[in-house]
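Visitor: 3D, please:
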Amino acid sequence: MSDRFNSTADMHKAVFFDGPAAGARYSRFWMLLVLASIIASAGIVGDSTATVIGAMIVAPLMTPILGTMLATVLGDRANLTRSLLLVLSGAAAATPIGFAVGLLVQTPVLAVTNAQVASRVTPRLIDLLAALGTGVVGSVALVRRDISDTLPGVAIAISLVPPLAVAGLVLESGSLAQFLGALLLFVTNVVAILGTGIVVMSVYGVSRLTRHRAPGDQNAPNLLGPVTVLVGMLLLIGIPLTLTSVDITQRSNTEGTVQSVGQKWAARAGWAVTGVSTRGTEVILQVQGAPPNPDTSDLEAALAAAGLNPDRVTVDLSPVTLVPLNGKR
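Guide: Numbers count the residues shown, from 1 in each chain. Below you'll find the model as predicted:
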(Lines give C-alpha, C1' and ligand atoms only; values in the text may rest on other atoms or scores of the structure.)
Protein backbone atom coordinates (compact mmCIF):
# COMPACT_ATOMS: atom_id res chain seq x y z
CA MET A 1 0.00 0.00 0.00
CA SER A 2 1.13 3.61 -0.51
CA ASP A 3 2.37 5.94 2.18
CA ARG A 4 -1.17 7.25 2.61
CA PHE A 5 -2.33 3.93 4.01
CA ASN A 6 -1.54 2.10 7.21
CA SER A 7 -0.19 -1.41 6.93
CA THR A 8 -2.00 -4.37 8.45
CA ALA A 9 0.60 -4.35 11.23
CA ASP A 10 -0.15 -0.70 11.96
CA MET A 11 -3.88 -1.34 12.15
CA HIS A 12 -3.27 -4.46 14.23
CA LYS A 13 -1.22 -2.45 16.71
CA ALA A 14 -3.82 0.33 16.86
CA VAL A 15 -6.90 -1.71 17.76
CA PHE A 16 -5.97 -5.21 18.98
CA PHE A 17 -5.31 -6.13 22.62
CA ASP A 18 -2.58 -8.75 22.20
CA GLY A 19 1.20 -9.03 22.20
CA PRO A 20 3.70 -7.80 24.82
CA ALA A 21 1.84 -4.52 25.40
CA ALA A 22 -1.54 -6.18 26.04
CA GLY A 23 -1.38 -5.66 29.81
CA ALA A 24 -0.74 -1.95 29.51
CA ARG A 25 -3.49 -1.59 26.91
CA TYR A 26 -6.02 -3.36 29.12
CA SER A 27 -5.19 -1.21 32.15
CA ARG A 28 -5.43 1.94 30.02
CA PHE A 29 -8.77 0.82 28.60
CA TRP A 30 -10.38 0.14 31.97
CA MET A 31 -9.01 3.28 33.57
CA LEU A 32 -10.34 5.48 30.77
CA LEU A 33 -13.67 3.63 30.64
CA VAL A 34 -14.33 4.15 34.34
CA LEU A 35 -13.33 7.81 34.18
CA ALA A 36 -15.37 8.41 31.00
CA SER A 37 -18.43 6.76 32.60
CA ILE A 38 -18.13 8.94 35.71
CA ILE A 39 -17.62 12.11 33.64
CA ALA A 40 -20.53 11.25 31.33
CA SER A 41 -22.86 10.48 34.25
CA ALA A 42 -21.93 13.71 36.02
CA GLY A 43 -22.38 15.71 32.81
CA ILE A 44 -25.79 14.18 32.18
CA VAL A 45 -26.98 14.81 35.74
CA GLY A 46 -25.77 18.40 35.47
CA ASP A 47 -27.21 18.72 31.94
CA SER A 48 -23.79 19.91 30.72
CA THR A 49 -23.14 19.30 27.03
CA ALA A 50 -19.46 20.29 27.33
CA THR A 51 -18.88 17.72 30.08
CA VAL A 52 -20.58 14.98 28.08
CA ILE A 53 -18.42 15.84 25.03
CA GLY A 54 -15.35 15.52 27.25
CA ALA A 55 -16.49 12.03 28.25
CA MET A 56 -16.90 11.11 24.57
CA ILE A 57 -13.28 12.07 23.85
CA VAL A 58 -11.97 10.12 26.85
CA ALA A 59 -14.10 7.01 26.21
CA PRO A 60 -12.03 4.09 24.83
CA LEU A 61 -14.86 1.89 23.50
CA MET A 62 -14.22 2.86 19.87
CA THR A 63 -10.95 0.88 19.92
CA PRO A 64 -12.38 -2.62 20.60
CA ILE A 65 -15.31 -1.89 18.25
CA LEU A 66 -12.86 -1.13 15.44
CA GLY A 67 -10.91 -4.19 16.57
CA THR A 68 -14.02 -6.32 16.16
CA MET A 69 -14.51 -4.93 12.68
CA LEU A 70 -10.88 -5.46 11.62
CA ALA A 71 -10.72 -8.96 13.10
CA THR A 72 -13.87 -9.88 11.16
CA VAL A 73 -12.36 -8.71 7.89
CA LEU A 74 -9.01 -10.41 8.55
CA GLY A 75 -10.60 -13.62 9.77
CA ASP A 76 -8.73 -13.34 13.09
CA ARG A 77 -10.96 -15.30 15.47
CA ALA A 78 -8.79 -14.84 18.54
CA ASN A 79 -8.81 -11.05 18.32
CA LEU A 80 -12.46 -11.07 17.27
CA THR A 81 -13.35 -12.86 20.51
CA ARG A 82 -11.15 -10.57 22.60
CA SER A 83 -12.54 -7.41 21.03
CA LEU A 84 -16.17 -8.50 21.32
CA LEU A 85 -15.75 -9.47 24.96
CA LEU A 86 -14.12 -6.11 25.65
CA VAL A 87 -17.03 -4.23 24.05
CA LEU A 88 -19.61 -6.25 26.00
CA SER A 89 -17.76 -6.09 29.32
CA GLY A 90 -17.12 -2.36 28.85
CA ALA A 91 -20.82 -1.75 28.25
CA ALA A 92 -21.68 -3.93 31.24
CA ALA A 93 -19.34 -1.85 33.43
CA ALA A 94 -20.39 1.62 32.24
CA THR A 95 -24.11 1.09 32.94
CA PRO A 96 -23.70 0.25 36.67
CA ILE A 97 -21.46 3.31 37.07
CA GLY A 98 -24.32 5.45 35.79
CA PHE A 99 -26.66 3.65 38.19
CA ALA A 100 -24.28 4.34 41.10
CA VAL A 101 -24.06 8.04 40.23
CA GLY A 102 -27.86 8.12 40.13
CA LEU A 103 -27.94 6.91 43.73
CA LEU A 104 -26.14 10.11 44.73
CA VAL A 105 -28.81 12.32 43.13
CA GLN A 106 -31.95 13.12 45.10
CA THR A 107 -34.21 13.88 42.13
CA PRO A 108 -35.00 11.39 39.33
CA VAL A 109 -32.88 11.78 36.18
CA LEU A 110 -35.41 11.27 33.39
CA ALA A 111 -36.18 12.59 29.92
CA VAL A 112 -38.95 14.86 31.15
CA THR A 113 -36.54 16.95 33.23
CA ASN A 114 -33.17 16.47 31.53
CA ALA A 115 -32.33 17.35 27.91
CA GLN A 116 -29.25 15.09 27.88
CA VAL A 117 -31.43 12.10 28.77
CA ALA A 118 -34.23 13.08 26.39
CA SER A 119 -31.85 13.11 23.42
CA ARG A 120 -30.65 9.56 24.11
CA VAL A 121 -33.70 7.51 25.07
CA THR A 122 -35.74 7.82 21.87
CA PRO A 123 -33.36 6.89 19.02
CA ARG A 124 -34.67 7.40 15.50
CA LEU A 125 -33.70 6.40 11.97
CA ILE A 126 -31.77 9.68 11.66
CA ASP A 127 -29.56 8.46 14.52
CA LEU A 128 -28.78 5.31 12.53
CA LEU A 129 -27.89 7.43 9.51
CA ALA A 130 -25.55 9.57 11.61
CA ALA A 131 -23.96 6.44 13.11
CA LEU A 132 -23.40 4.95 9.65
CA GLY A 133 -21.65 8.12 8.46
CA THR A 134 -19.52 8.31 11.58
CA GLY A 135 -18.61 4.64 11.23
CA VAL A 136 -17.35 5.26 7.70
CA VAL A 137 -15.13 8.11 8.87
CA GLY A 138 -13.75 6.06 11.76
CA SER A 139 -12.98 3.09 9.53
CA VAL A 140 -11.33 5.22 6.85
CA ALA A 141 -9.26 6.95 9.54
CA LEU A 142 -8.00 3.53 10.62
CA VAL A 143 -6.96 2.66 7.06
CA ARG A 144 -5.53 6.00 5.94
CA ARG A 145 -2.71 7.80 7.72
CA ASP A 146 -3.51 11.17 6.18
CA ILE A 147 -6.89 11.50 7.94
CA SER A 148 -6.14 9.74 11.23
CA ASP A 149 -6.27 13.12 12.98
CA THR A 150 -10.08 13.05 12.55
CA LEU A 151 -10.48 10.37 15.22
CA PRO A 152 -11.17 12.87 18.05
CA GLY A 153 -14.00 14.23 15.93
CA VAL A 154 -15.28 10.69 15.40
CA ALA A 155 -15.23 10.16 19.16
CA ILE A 156 -17.42 13.24 19.61
CA ALA A 157 -19.78 12.39 16.75
CA ILE A 158 -20.47 8.81 17.85
CA SER A 159 -22.27 8.35 21.16
CA LEU A 160 -21.02 5.27 23.02
CA VAL A 161 -20.47 5.81 26.75
CA PRO A 162 -23.15 8.54 27.27
CA PRO A 163 -26.06 6.23 26.30
CA LEU A 164 -24.73 3.61 28.72
CA ALA A 165 -24.49 6.22 31.49
CA VAL A 166 -28.04 7.34 30.67
CA ALA A 167 -29.20 3.71 30.80
CA GLY A 168 -27.85 3.35 34.34
CA LEU A 169 -29.26 6.71 35.47
CA VAL A 170 -32.80 6.16 34.18
CA LEU A 171 -32.86 2.58 35.46
CA GLU A 172 -32.01 3.88 38.92
CA SER A 173 -34.81 6.43 38.47
CA GLY A 174 -37.25 3.61 37.71
CA SER A 175 -37.85 3.92 33.95
CA LEU A 176 -37.38 0.59 32.15
CA ALA A 177 -38.65 2.03 28.84
CA GLN A 178 -36.02 4.79 28.81
CA PHE A 179 -33.36 2.26 29.88
CA LEU A 180 -34.17 0.12 26.83
CA GLY A 181 -34.20 3.20 24.59
CA ALA A 182 -30.70 4.22 25.70
CA LEU A 183 -29.40 0.68 25.14
CA LEU A 184 -30.98 0.68 21.68
CA LEU A 185 -29.02 3.84 20.81
CA PHE A 186 -25.77 2.22 21.97
CA VAL A 187 -26.41 -0.99 20.02
CA THR A 188 -27.39 1.06 16.95
CA ASN A 189 -24.08 2.91 17.02
CA VAL A 190 -22.02 -0.25 17.54
CA VAL A 191 -23.74 -2.16 14.73
CA ALA A 192 -23.45 0.84 12.39
CA ILE A 193 -19.69 1.09 13.02
CA LEU A 194 -19.21 -2.63 12.45
CA GLY A 195 -21.33 -2.70 9.30
CA THR A 196 -19.78 0.32 7.65
CA GLY A 197 -16.31 -0.75 8.79
CA ILE A 198 -16.52 -4.08 7.02
CA VAL A 199 -17.68 -2.35 3.84
CA VAL A 200 -14.86 0.22 4.03
CA MET A 201 -12.25 -2.47 4.69
CA SER A 202 -13.50 -4.41 1.67
CA VAL A 203 -13.44 -1.32 -0.55
CA TYR A 204 -9.84 -0.61 0.44
CA GLY A 205 -8.91 -4.26 -0.07
CA VAL A 206 -7.71 -4.87 3.49
CA SER A 207 -8.77 -8.51 3.39
CA ARG A 208 -6.47 -9.12 0.41
CA LEU A 209 -3.49 -8.27 2.61
CA THR A 210 -3.96 -11.56 4.42
CA ARG A 211 -4.06 -13.86 1.44
CA HIS A 212 -0.47 -14.93 2.06
CA ARG A 213 -0.65 -14.86 5.84
CA ALA A 214 0.31 -18.58 5.98
CA PRO A 215 2.41 -20.74 3.63
CA GLY A 216 0.22 -22.09 0.88
CA ASP A 217 -2.86 -20.16 2.04
CA GLN A 218 -4.16 -18.34 -1.02
CA ASN A 219 -7.72 -17.68 0.18
CA ALA A 220 -9.09 -14.39 1.44
CA PRO A 221 -11.41 -14.54 4.45
CA ASN A 222 -15.04 -15.24 3.59
CA LEU A 223 -17.04 -12.12 4.46
CA LEU A 224 -20.44 -13.49 3.39
CA GLY A 225 -21.33 -14.85 6.82
CA PRO A 226 -20.38 -11.76 8.88
CA VAL A 227 -21.93 -9.39 6.35
CA THR A 228 -25.17 -11.39 6.35
CA VAL A 229 -25.31 -11.27 10.16
CA LEU A 230 -24.65 -7.53 10.24
CA VAL A 231 -27.29 -6.83 7.57
CA GLY A 232 -29.75 -8.83 9.65
CA MET A 233 -28.81 -6.83 12.75
CA LEU A 234 -29.28 -3.54 10.89
CA LEU A 235 -32.73 -4.68 9.78
CA LEU A 236 -33.68 -5.71 13.31
CA ILE A 237 -32.49 -2.39 14.70
CA GLY A 238 -34.25 -0.53 11.90
CA ILE A 239 -37.67 -1.84 13.01
CA PRO A 240 -37.75 -0.23 16.50
CA LEU A 241 -36.01 2.88 15.15
CA THR A 242 -38.71 3.23 12.49
CA LEU A 243 -41.48 2.77 15.07
CA THR A 244 -39.86 5.39 17.32
CA SER A 245 -39.45 7.82 14.42
CA VAL A 246 -43.09 7.42 13.41
CA ASP A 247 -44.26 7.88 17.02
CA ILE A 248 -42.16 11.02 17.50
CA THR A 249 -43.41 12.48 14.20
CA GLN A 250 -47.04 11.82 15.07
CA ARG A 251 -46.61 13.22 18.57
CA SER A 252 -44.89 16.33 17.22
CA ASN A 253 -47.66 16.89 14.66
CA THR A 254 -50.35 16.45 17.31
CA GLU A 255 -48.64 18.83 19.71
CA GLY A 256 -48.21 21.38 16.92
CA THR A 257 -51.92 21.23 16.04
CA VAL A 258 -52.98 21.53 19.69
CA GLN A 259 -50.66 24.50 20.17
CA SER A 260 -51.88 26.28 17.03
CA VAL A 261 -55.55 25.79 17.88
CA GLY A 262 -54.93 26.56 21.55
CA GLN A 263 -53.15 29.83 20.82
CA LYS A 264 -56.05 31.16 18.78
CA TRP A 265 -58.56 30.15 21.47
CA ALA A 266 -56.44 31.54 24.31
CA ALA A 267 -55.82 34.85 22.50
CA ARG A 268 -59.57 35.45 22.15
CA ALA A 269 -59.92 34.99 25.91
CA GLY A 270 -56.95 37.21 26.72
CA TRP A 271 -54.85 34.26 27.88
CA ALA A 272 -51.59 32.81 26.52
CA VAL A 273 -50.32 29.29 25.81
CA THR A 274 -47.17 28.59 27.85
CA GLY A 275 -46.46 25.04 26.73
CA VAL A 276 -47.66 21.77 25.18
CA SER A 277 -46.50 18.34 26.32
CA THR A 278 -47.46 14.69 25.88
CA ARG A 279 -47.93 12.12 28.61
CA GLY A 280 -48.78 8.73 27.15
CA THR A 281 -51.72 9.35 24.80
CA GLU A 282 -52.73 12.54 26.62
CA VAL A 283 -51.75 15.98 25.29
CA ILE A 284 -51.51 18.69 27.93
CA LEU A 285 -52.11 22.31 26.89
CA GLN A 286 -50.77 24.76 29.46
CA VAL A 287 -52.47 28.15 29.47
CA GLN A 288 -51.97 31.19 31.66
CA GLY A 289 -53.98 34.36 32.16
CA ALA A 290 -56.03 36.63 34.41
CA PRO A 291 -59.26 35.30 36.02
CA PRO A 292 -61.95 34.28 35.31
CA ASN A 293 -61.13 30.97 33.62
CA PRO A 294 -62.09 30.90 29.93
CA ASP A 295 -64.81 28.59 28.59
CA THR A 296 -63.27 25.53 26.89
CA SER A 297 -66.25 24.58 24.73
CA ASP A 298 -64.94 26.65 21.81
CA LEU A 299 -61.57 24.92 22.16
CA GLU A 300 -63.19 21.48 22.01
CA ALA A 301 -65.04 22.42 18.83
CA ALA A 302 -61.89 23.84 17.24
CA LEU A 303 -59.87 20.71 18.07
CA ALA A 304 -62.57 18.48 16.61
CA ALA A 305 -62.64 20.62 13.46
CA ALA A 306 -58.85 20.18 13.20
CA GLY A 307 -59.28 16.40 13.23
CA LEU A 308 -58.24 15.78 16.85
CA ASN A 309 -60.21 13.97 19.52
CA PRO A 310 -60.80 16.54 22.31
CA ASP A 311 -60.86 13.69 24.84
CA ARG A 312 -57.10 13.33 24.34
CA VAL A 313 -56.43 16.95 25.36
CA THR A 314 -56.22 18.24 28.91
CA VAL A 315 -56.13 21.99 29.51
CA ASP A 316 -53.96 23.14 32.42
CA LEU A 317 -55.34 26.56 33.39
CA SER A 318 -53.08 28.72 35.56
CA PRO A 319 -54.84 31.92 36.67
CA VAL A 320 -52.41 34.82 37.18
CA THR A 321 -53.17 37.88 39.27
CA LEU A 322 -51.21 41.03 38.43
CA VAL A 323 -50.73 43.51 41.31
CA PRO A 324 -49.36 46.90 40.18
CA LEU A 325 -47.06 48.71 42.62
CA ASN A 326 -46.21 52.39 43.16
CA GLY A 327 -49.76 53.19 44.15
CA LYS A 328 -51.21 52.24 40.74
CA ARG A 329 -54.31 50.52 42.07
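
Visitor: helix or strand right after the lowest-mean-pLDDT helix or strand in the chain?
Guide: Within the chain, no helix or strand scores below helix 151-157, which has a mean of 63 by mean pLDDT, DSSP states H and E. Going down the chain from helix 151-157, the next helix or strand is helix 161-172, by DSSP states H and E.

Visitor: quick check: mean pLDDT across that next one?
Guide: For helix 161-172, mean pLDDT is 95.

Visitor: Give me the helices and strands touching it, please.
Guide: Counting contacts by 3 or more C-beta pairs under 8 Å, 6 or more residues apart in numbering; DSSP states H and E, helix 161-172 is packed against helix 22-45, helix 49-58, helix 77-103, helix 115-118, helix 176-203. Where you see a C-beta, it was placed from the backbone N, CA and C, and this is true even at glycine.

Visitor: With respect to burial, which of those scores highest?
Guide: Using mean count of other C-beta atoms under 10 Å, the stretch among these with the largest mean neighbour count is helix 176-203, at a mean of 21.

Visitor: okay, the angle between that one and helix 161-172?
Guide: 160 degrees (axes from the mean of the first three to the mean of the last three C-alpha atoms, to 10 degrees).

Visitor: Now for Phe5: which residues touch it?
Guide: Phe5 sits next to Val143, Arg144, Arg145, Tyr204 when contact means C-beta atoms under 8 Å, 6 or more residues apart in numbering.

Visitor: Give me the buried entries from these.
Guide: Using 16 or more other C-beta atoms under 10 Å as the burial test, those include Val143, Arg144, Arg145, Tyr204 as buried.

Visitor: Looking at those, which are in helices?
Guide: Val143 (DSSP state H).

Visitor: Out of the buried ones among the contacts of Phe5, which two sit at the greatest distance?
Guide: Within the buried ones among the contacts of Phe5, Arg145 and Tyr204 form the most distant pair, 12.5 Å apart (C-beta to C-beta).

Visitor: could you dump the contacts of Phe5 to TSV with pLDDT and distance to Val73?
Guide: TSV is the format used below for the contacts of Phe5 (pLDDT from 0 to 100; distance: C-beta to C-beta, whole Å):
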residue	pLDDT	distance to Val73
Val143	80	11
Arg144	79	15
Arg145	74	18
Tyr204	71	10
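
Visitor: so what are the domain limits for this protein?
Guide: Split into domains by automatic domain parsing, the chain comes to 8-212, 251-319.

Visitor: Lowest average pLDDT across these?
Guide: Minimum mean pLDDT among these: domain 8-212, a mean of 86.

Visitor: residue contacts, Lys13?
Guide: With C-beta under 8 Å, 6+ apart, Lys13 has these contacts: Gly19.

Visitor: What's the first helix or strand after the helix or strand hosting Ala301?
Guide: Applying DSSP H and E as the criterion places Ala301 in helix 297-305. The element immediately downstream of helix 297-305 (helix or strand, assigned by DSSP H and E) is strand 313-319.

Visitor: That next one: which residues count as buried?
Guide: Val313, Val315.

Visitor: which residues touch the closest residue in space to Leu84 that isn't next to it in sequence?
Guide: Distances taken as C-beta to C-beta, 6 or more residues apart in numbering put Thr68 closest to Leu84, at 5.4 Å, once the chain neighbours are dropped. Shown in contact with Thr68 (C-beta under 8 Å, 6+ apart): Leu80, Ser83, Leu84, Val87, Leu194.

Visitor: Sticking with Thr68, tell me its helix or strand.
Guide: Using DSSP H and E, Thr68 sits in helix 62-74.

Visitor: Grab the nearest non-local neighbour of Asp316.
Guide: Gln286 (4.5 Å).

Visitor: Who does that neighbour form a beta bridge with?
Guide: Gly275, Asp316 (DSSP bridges).
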